[in-house]
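S.K.: sequence? don't have it. structure:
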Ligand SMILES: [Zn+2]
């Protein structure tokens, strides 16, 4: 299903598909948590459906039935267990595109998180992008354009997916998912729908819980406990601290905490770093500011 704030982009691509002028390599851009993958899946299903109805797959043709069952012979994806996408995965994906489509007129290869491609993987993909075969589409998603090689970029058609405005997202979460979030919370998740949903899924942590925990910091040992408990969510915590500081009264103390959290975000990315200690350092400053 296409998210409401992505419908106009979908309509545009759908119309191009209908007029047989859809680019063979659309590249969907946007931050992690925006819903790029859902958009790519929906576009793929639209490309393969035999008789789409108003920008959506019909849901009843043979193609749609196989898509729903996850067994469509012309829908392929690049899969990898690793953080980066290597040359072998790309070659394997390209191989699947050989031969003519079995069921639909079209064939689709999905490549999500294209920014994870190694240089040799990207080079392996280039030839296919340069010499597209008829009725073959390569749908890619990436977090940013500059994370891809210029040679790859120049052979794709970029579409930056829109972010919802916080009010729209608030209504959508309430109506579609029965989740009540304040605008403050939504902005703590940078208005990214999947981050909001993850927070409220089982085992997720929320901004509200985090802020509540901050207000319970009343001794060094409580700081220590919170640092240990939240260290697995350190990146969320540091972003949330920035949000929290922006909303707290503008004083030098909060400015310092804000700056420290930006500094720690970089430090927290180093492998082997003691995250609990980093968190302790900044949470202790919060405790002092609140006391
Ligand atoms: Zn269909």
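M.R.: That came through fine. Owing to the predicted nature of the structure, the values given are computational and were not obtained by experimental measurement.
S.K.: any weak-confidence spans in this protein?
M.R.: Where the chain drops to pLDDT under 70, the residues are 249-251.
S.K.: what separates the most centrally placed residue in it from residue 75, distance-wise?
M.R.: The chain has residue 32 as the residue nearest its centroid, 2.7 Å off, counting by CA atoms, centre = their mean. According to CB to CB, to the nearest Å, residue 32 stands 23 Å off from residue 75. All C-beta atoms are positioned from the backbone trio N, CA, C, and that covers glycine.
S.K.: how about the strands in this structure?
M.R.: 26-29, 75-77, 107-111, 136-142, 157-160 (DSSP state E).
S.K.: CSV please, covering those and showing distance to the ion.
M.R.: Formatted as CSV, the strands of the chain follow (distance: least, CB to the ion, whole Å):
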stretch, distance to the ion
strand 26-29, 20
strand 75-77, 13
strand 107-111, 14
strand 136-142, 16
strand 157-160, 23
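S.K.: Residue 234: which of the ones you listed is closest?
M.R.: strand 136-142 (24.8 Å; CB to CB).
S.K.: That closest one versus strand 107-111: what angle between them?
M.R.: Using axes from the mean of the first three to the mean of the last three CA atoms, to 10 degrees, the inter-axis angle of strand 136-142 relative to strand 107-111 is 20 degrees.
S.K.: Could you shift the numbering so residue one becomes 797, and keep it that way?
M.R.: In the new count, where the first residue is 797, that last one comes out as strand 932-938.
S.K.: Just name whatever secondary elements strand 932-938 is in contact with.
M.R.: Under the contact criterion of 3 or more CB pairs under 8 Å, 6 or more residues apart in numbering; DSSP states H and E, strand 932-938 touches strand 822-825, helix 832-844, strand 903-907, helix 915-926.
S.K.: the helices in this protein, which residues?
M.R.: 803-814, 832-844, 858-865, 883-892, 915-926, 946-949, 962-973, 979-984, 989-995, 1003-1011, 1016-1026, 1030-1043, 1048-1063, 1071-1086 (DSSP state H).
S.K.: how far off strand 903-907 does the fifth one point, in degrees?
M.R.: Between the axis of helix 915-926 and that of strand 903-907 there is an angle of 150 degrees, by the same axes, to 10 degrees.
S.K.: got it, and the first one?
M.R.: For helix 803-814 against strand 903-907, the angle by the same axes, to 10 degrees is 150 degrees.
S.K.: Give me the contacts around helix 803-814.
M.R.: For helix 803-814, contacts defined as CB atoms under 8 Å, 6 or more residues apart in numbering pick out 798, 818-819, 822, 835, 838-839, 842-843, 848, 851, 955, 957-958.
S.K.: who wins for neighbours among these?
M.R.: In terms of neighbours by other CB atoms under 10 Å, the contacts of helix 803-814 top out with residue 839 at 27 neighbours.
S.K.: wait, doesn't that residue sit right on residue 822?
M.R.: Yes: between residue 839 and residue 822 there is a contact under CB atoms under 8 Å: 7.1 Å.
S.K.: Find residues that contact each of the two.
M.R.: Residues touching both residue 839 and residue 822 by CB under 8 Å, 6+ apart: 809, 935.
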